[in-house]
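Trainee: Turn this into a structure:
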Amino acid sequence: MTKHIGIVGCSAEGAALCYRTICTEAENVMGEHRHPEVSMHTFSLGDYMELIEVDDWRGVGALMATSATKLAEIGADFAICPDNTIHRAFDSAAGHSPIPWLHIAATVTEFALERGYRNVGVTGTASLMSGPVYTDAFDRVGIRHNIPEPADRVEINRIIFDDLVKGVYTEESRAFFAGVIDRLGQSGCDSVVLGCTEIPILMDGVETPIPTLDSTRILARAALEAALE
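Mentor: Predicted coordinates:
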């Protein structure tokens with residue numbers, strides 16, 4: 001028997017990548033065509049954006065907790081959310097959830113520690129890069145961290161919301177992100193978190209000067225491992 005994974009979705013692209021990763025990589029350990037039971041619930045990204053734009057993180061947490069409750073009602077044993085930004089409301093969501101959660105930044109932090117990374121760059125939405133989600137997780141274990149320069153942060157945020165969440169991936173965006181990663185490496189980072197769940201799709205197959213930490217797939221693999229325990 002395996003545990004039933006509940007995915008609390010936010011943006012479609014990231015949630016789909018998380019779901020696909022769980023299902024396809026499960027075959028390696030469970031056998032052909034096999035994966036744990038997986039369910040997903042998503043409110044509209046627009047519902048989340050209305051709250052984020054006015055800094056209503058309590059409201060964001062309430063949406064996340066409602067999704068988790070709906071998932072629990074159909075049998076999910078634990079919840080994950082493949083969206084880094086809304087983890088700013090994680091404590092509120094988990095505190096009002098009937099099932100336990102895995103935290104995306106905690107799984108990325110564990111992954112970084114296992115590989116010896118000690119100075120990690122963070123990319124993602126403007127709110128994520130300047131917020132506490134990765135800062136708190138890394139500070140707890142003594143990992144140094146850095147974020148892109150202000151002009152880069154503005155352009156990263158624009159690309160995410162104008163293109164990536166809509167499934168638009170361009171060569172110009174790939175080149176820009178490769179440049180951001182290069183600049184983070186030059187500033188002393190030994191790796192970089194792809195902290196928007198769509199960035200890994202954009203950068204699939206792109207060589208970078210420092211290793212990238214694919215937060216979406218790291219979380220999916222942690223959920224698969226938890227489901228098989």
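Trainee: packing partners for the lengthiest helix in the chain?
Mentor: Taking DSSP state H as the criterion, the chain has its longest helix at helix 12-30. Using 3 or more Cβ pairs under 8 Å, 6 or more residues apart in numbering; DSSP states H and E, the elements in contact with helix 12-30 are strand 5-9, strand 38-42, helix 199-203, helix 215-228. All C-beta atoms are positioned from the backbone trio N, CA, C, and that covers glycine.
Trainee: Which of the ones you listed sits closest to Pro82?
Mentor: Pro82 lies closest to helix 215-228 among these, at 5.1 Å (Cβ to Cβ).
Trainee: Was I right to think Glu27 contacts His33?
Mentor: Yes - between Glu27 and His33 there is a contact at 6.9 Å, judged by Cβ atoms under 8 Å.
Trainee: of these two, who's got more company?
Mentor: Glu27 (12 against 8; other Cβ atoms under 10 Å).
Trainee: With adjacent residues omitted, what lies nearest to that one?
Mentor: Nearest residue to Glu27 in three dimensions, chain neighbours excluded: Arg34, at 6.4 Å (Cβ to Cβ, 6 or more residues apart in numbering).
Trainee: Let me know whether my guess that that neighbour is in a strand holds.
Mentor: No - counting by DSSP: H, G, I helix; E, B strand; the rest coil, one finds Arg34 to be coil, located in no strand.
Trainee: Check which helices and strands the helix or strand where Leu184 lies is in contact with.
Mentor: For Leu184, the host element (DSSP states H and E) is helix 171-186. If contacts are counted by 3+ Cβ pairs under 8 Å, 6+ apart, helix 171-186 sits against strand 119-123, helix 150-162, strand 191-194, helix 199-203.
Trainee: Could I get those in JSON lines, plus columns for distance to Leu71 and mean pLDDT?
Mentor: JSON lines is the format used below for the helices and strands packed on helix 171-186 (distance: least, Cβ to Cβ, whole Å; pLDDT from 0 to 100):
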{"stretch": "strand 119-123", "distance to Leu71": "28", "mean pLDDT": "98"}
{"stretch": "helix 150-162", "distance to Leu71": "26", "mean pLDDT": "96"}
{"stretch": "strand 191-194", "distance to Leu71": "25", "mean pLDDT": "98"}
{"stretch": "helix 199-203", "distance to Leu71": "24", "mean pLDDT": "94"}
